[in-house]
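Novice: Next come a sequence and a model predicted from it.
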Amino acid sequence: MAVQTQEINEDLLAGNGQKHLNNVALRAYSNVKDSDRGEIENEQIAELLPMVYKIARRVVIYLKPPLSFEDMVSAGTVGLVKAARDFDPSHQAEFKTYAYIRIKGAILDELRGWSFMPENLRKRISTAQQISRKITEQTGTAPTDAELAAKLGITVEELYETFENARAQHFISLDSFGEDSPALGNLLTSSRPAAPEEMIEREELIDKLTEAIRQLSQKNRQVILLYYNQQLTMKQIAEILEITESRVSQLHASALFNLSVKLRRWKDDRL
């Protein structure tokens, strides 16, 4: 599979457009040995290629050099091809569901693989979390961005840059607030856990998340709901709120930081 992965990366850099991606993915799957191929037809792969672009677009705001959107599409395409190769219909799961998990996993693995965090940034984020939690415990409300920046001795713009770098490095994760916790996006949609104990924990977490979202500033709350619940892009949200796309990104990073602090506090209190 390493050869197919390299071919996909090189071809995506050389080409452009979804039609080219279609050809690359189908050729890569065709190159898999018959003994290793699953029962997925080429048509099924082609139908799910738009999903690769959709998932890749959702992580664009997390990209930092040297990563690019094309890198995410490349990783997602590899994930789709591997999903087609490994899919086992006897597990009674739809290929589309299985492929989504593998595509998203491949893209996030690529993102995490390039992630690194300087010690000074790690220390600043840790300090910001401690200060935010302390103020919240003392006053019952989270500090404003201006208040938190003042406590840290930095400007508000530097604070936003810190939030965005932390988000990009998955210190504050889009996918989950912990390895064993549901993703924020999943909590704001209608997906349902199978096990009763998971449903109870999910309902409790949703209650806490709802409370935390209500306590956000109006703009932060709007960004979170539009991004995760309505699944709009940063550009679309910027048009609705009549602000710049970069401002939406700042608000999104700030909101995620505040939500993560509140939910981690709730999780610690349960232990």
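Specialist: Sure, I can see it. Residues are numbered from 1 along each chain as shown.
Novice: Longest helix in the protein, please.
Specialist: Criterion DSSP state H: the longest helix present in the chain is helix 245-270.
Novice: So which bits of it are buried?
Specialist: Within helix 245-270, the residues scored as buried using 16 or more other C-beta atoms under 10 Å are 247-266. To be clear about C-beta, it is placed using only N, CA and C from the backbone, and glycine gets the same treatment.
Novice: just checking, what packs against that helix?
Specialist: Contacts defined by 3 or more C-beta pairs under 8 Å, 6 or more residues apart in numbering; DSSP states H and E place helix 245-270 against helix 119-139, helix 156-168, helix 196-214, helix 218-224, helix 234-241.
Novice: Compare the ones you listed and give me the one nearest residue 98.
Specialist: When those are compared by C-beta to C-beta, helix 196-214 sits nearest residue 98, at 19.7 Å.
Novice: model confidence over that closest one, on average?
Specialist: The pLDDT scores in helix 196-214 average 74.
Novice: What does residue 88 show for phi and psi?
Specialist: For residue 88, the backbone dihedrals are phi -120, psi 100 (criterion: degrees, to the nearest 10).
Novice: Would you mind giving me the confidence score for it?
Specialist: So residue 88 comes in at 80 (pLDDT).
Novice: Distance check, it against residue 95.
Specialist: 10 Å (C-beta to C-beta, to the nearest Å).
Novice: more crowded one of these two?
Specialist: Neighbour count, other C-beta atoms under 10 Å: between residue 88 and residue 95, residue 95 has more, with 19 against 10.
Novice: Neighbours of the closest residue to that one other than its chain neighbours, how many?
Specialist: Leaving out its chain neighbours, the residue that sits closest to residue 95 by C-beta to C-beta, 6 or more residues apart in numbering is residue 87, at 5.4 Å. Taking other C-beta under 10 Å as the criterion, the count of residues near residue 87 is 20.
Novice: try residue 96
Specialist: 12.
Novice: isn't it right up against residue 50?
Specialist: No. Using C-beta atoms under 8 Å, residue 96 is not in contact with residue 50; the gap is 11.6 Å.
Novice: Would you agree residue 256 is in contact with residue 164?
Specialist: No. If you go by C-beta under 8 Å, residue 256 and residue 164 don't touch, sitting 9.8 Å apart.
Novice: ok, residue 212 to residue 89 distance?
Specialist: On the measure of C-beta to C-beta, residue 212 and residue 89 end up 40 Å apart.
Novice: And the pLDDT for residue 158?
Specialist: Checking the pLDDT column for residue 158, the value is 93.
Novice: any idea how far residue 144 is from it?
Specialist: Noted for residue 158: a distance of 15 Å to residue 144, by C-beta to C-beta.
Novice: Next: residue 219.
Specialist: In terms of C-beta to C-beta, residue 219 sits 12 Å off from residue 144.
Novice: Can you find the helix or strand in the protein with the smallest mean pLDDT?
Specialist: The weakest-scoring helix or strand in the chain, judged by mean pLDDT, DSSP states H and E, is helix 2-14 (a mean of 49).
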